[in-house]
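**Student:** Just need the structure, nothing else, for what follows:
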Amino acid sequence: PYLLIDTAGMRRRTQRDSPVEVFSAMRAERSIRRADICLLVIDSAKGAVAQDRRIARTILDAQKPCNILLNKFDLYHPDAKFRDRLEILEEEIREDLFFLHFAPMIAVSALKGEFLNQIFKSIQRIKKTASQPIGTGALNRLLRQAIESNPPPRRNGKRLKLLYCTQQRHDRPTPIPSPEYLLFVNSAKLLTQPYERYLEKQIREQHPLIGLPMVF
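**Tutor:** Numbers count the residues shown, from 1 in each chain. Take a look at the predicted model:
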């Protein structure tokens, strides 16, 4: 069984012109924090607009698993081949929502009821991935190899040293837990954002973690 929570769109705070809109935006943000997985609906004909990027950022900040639904796909260059249309649209959306790079995309048409079953298949794939954490030994070997291949930069004469890494266990288990990795290092200040992204990329290359955000 699934419980679907339909939320209102969220405009920029300065553009919300009524108490009702402010309240609905607050409820949308609360729904994202409450959800086990988020389905970000994009209008294929319009592409990812500012409001979509704002909601996507909220999903990322809440560290929620995510699927991106490309709705109204039947209206997107309908005379072109399906595969060509999908590749071009995915490339456009990936460029606009680059920070949600882990989220799979599903082209659907709510009006025609096309490909809606793919949504639930994708959710199950993400759920299965979340239930299979990387073993501690494999994780440490992977990160040490990544650090040896590309050592972290020095900061104030010091370099980051990884002593140990393990995946955090959640006190309150959720149906689709996002992986959180606890790094034991000589100094947390030595882990720069670019190097953090590099380590994430190395993990995802061997363990795709489709649909799941990653937190160090």
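**Student:** low-confidence ranges in the protein?
**Tutor:** 9-18, 20-21 (pLDDT under 70).
**Student:** ok, Gln206 - how many residues close by?
**Tutor:** Counted with other CB atoms under 10 Å, residues neighbouring Gln206 total 13. Where you see a C-beta, it was placed from the backbone N, CA and C, and this is true even at glycine.
**Student:** And the residue with the largest distance to the centre of the chain, how close does it get to Arg144?
**Tutor:** For the chain, the largest distance from the centre (CA atoms, centre = their mean) belongs to Gly157, which lies 34.7 Å off. Here Gly157 is placed at a distance of 22 Å from Arg144 (CB to CB, to the nearest Å).
**Student:** what do you get for Leu116?
**Tutor:** 44 Å.
**Student:** How about the strand or helix carrying Arg33, which residues are buried there?
**Tutor:** According to DSSP states H and E, Arg33 maps onto helix 19-34. Buried residues in helix 19-34, counted by 16 or more other CB atoms under 10 Å: 24-25, 28-29, 32.
**Student:** just stretch 67-75 next, same as before
**Tutor:** Those would be 67-74, for stretch 67-75 by 16+ other CB under 10 Å.
**Student:** So which of those residues belong to strands?
**Tutor:** 67-71 (DSSP state E).
**Student:** out of those residues, who's nearest Leu212?
**Tutor:** Asn67 (11.1 Å; CB to CB).
**Student:** for the chain, what spans make up the strands?
**Tutor:** Using DSSP E, strands in the chain cover 38-43, 66-71, 105-107, 154-155, 158-159, 162-167, 181-185.
**Student:** Including distance to Glu91, could the ones you listed go into a markdown table?
**Tutor:** Listed next are the strands of the chain as a markdown table, based on distance: least, CB to CB, whole Å:
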| stretch | distance to Glu91 |
| --- | --- |
| strand 38-43 | 13 |
| strand 66-71 | 12 |
| strand 105-107 | 10 |
| strand 154-155 | 36 |
| strand 158-159 | 37 |
| strand 162-167 | 32 |
| strand 181-185 | 30 |
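**Student:** Nothing else from me, thank you.
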